[in-house]
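[1] any chance you can model this:
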Amino acid sequence: MPSTPTQTPLLVWYDGGCPLCRREIALMRRLDRRDAIQFVDVASGDDASCPLDRDALLARFHAREDGRLLSGAAAFAAMWRAIPLLRPLGLAARAPMVLAGLEAAYRVFLRVRPRLQALARKAG
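    Got it, this is the predicted structure:
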């Protein structure tokens with residue numbers, strides 16, 4: 001009986017020291033019912049296969065999809081494509097104008113992230 005090829009899981013690096021990131025990744029884990037994503041906590045320092053130095057991985061969201069390293073909005077879009085419920089958003093982000101808009105929004109988020117992290121820490 002021929003075997004079916006196994007699809008390489010999407011590899012996602014995230015900042016486990018960030019309360020916002022932990023919440024988002026917890027949600028993505030719940031939505032990833034097919035186990036299509038392998039999540040790596042960069043803050044724990046446990047993964048020796050990181051393609052970039054630790055500071056670069058902590059500064060922006062990164063993923064590896066089909067052997068390509070993605071960051072920022074492109075990495076989020078790859079994660080969305082791996083989750084059936086969010087796949088339409090991830091596919092829409094393949095359009096250059098959509099991805100550019102998402103990247104612009106992500107850059108704004110990065111500027112306010114420290115304040116949002118402080119609020120999330122206070123909230124519990």
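
[2] low-confidence ranges in this protein?
    Along the chain, the model assigns pLDDT under 70 to residues 1-7, 46-48, 124.

[3] and with 80 instead?
    For the chain, the stretches with pLDDT under 80 are 1-8, 45-51, 123-124.

[4] any idea which element Ala100 lies in?
    helix 96-123 (DSSP states H and E).

[5] mind listing what's buried in that helix?
    Leu99, Leu102, Glu103, Tyr106, Arg113, Gln117 (16 or more other Cβ atoms under 10 Å). Bear in mind the C-beta positions are built from the backbone N, C-alpha and C, glycine included.

[6] stretch 63-77 too?
    Within stretch 63-77, the residues scored as buried using 16+ other Cβ under 10 Å are Ala63, Arg64, Glu65, Leu70, Ser71, Gly72, Ala73, Ala74, Ala75, Phe76, Ala77.

[7] thinking again about what came up before, pick out whichever of the buried residues of helix 96-123 sits closest to Asp55.
    Using Cβ to Cβ, Arg113 comes nearest to Asp55 of the buried residues of helix 96-123, at 14.9 Å.

[8] residue contacts, that closest one?
    The contact partners of Arg113, by Cβ atoms under 8 Å, 6 or more residues apart in numbering, come to Cys18, Leu20.

[9] next one: the one 3 residues further on
    Taking Cβ under 8 Å, 6+ apart, we find Leu116 in contact with Leu20, Phe109.

[10] relative to Arg94, how far out is it?
    Using Cβ to Cβ, to the nearest Å, Leu116 is found at 28 Å from Arg94.

[11] again, but for Ala56
    Using Cβ to Cβ, Ala56 is found at 24 Å from Arg94.

[12] can you check Ala63 too?
    Distance of Ala63 to Arg94, given as Cβ to Cβ: 14 Å.

[13] please apply the same query to Ala75.
    Counting by Cβ to Cβ, the gap from Ala75 to Arg94 is 13 Å.

[14] next: Leu85.
    Leu85 sits 18 Å away from Arg94, going by Cβ to Cβ.

[15] just to revisit the earlier point, rebuild the buried residues of stretch 63-77 as a markdown table, extending it with secondary structure and distance to Asp15.
    Shown next, in a markdown table, are those (DSSP: H, G, I helix; E, B strand; the rest coil; distance: Cβ to Cβ, whole Å):
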| residue | secondary structure | distance to Asp15 |
| --- | --- | --- |
| Ala63 | strand | 13 |
| Arg64 | strand | 16 |
| Glu65 | strand | 19 |
| Leu70 | strand | 16 |
| Ser71 | strand | 13 |
| Gly72 | coil | 14 |
| Ala73 | helix | 16 |
| Ala74 | helix | 17 |
| Ala75 | helix | 13 |
| Phe76 | helix | 14 |
| Ala77 | helix | 19 |
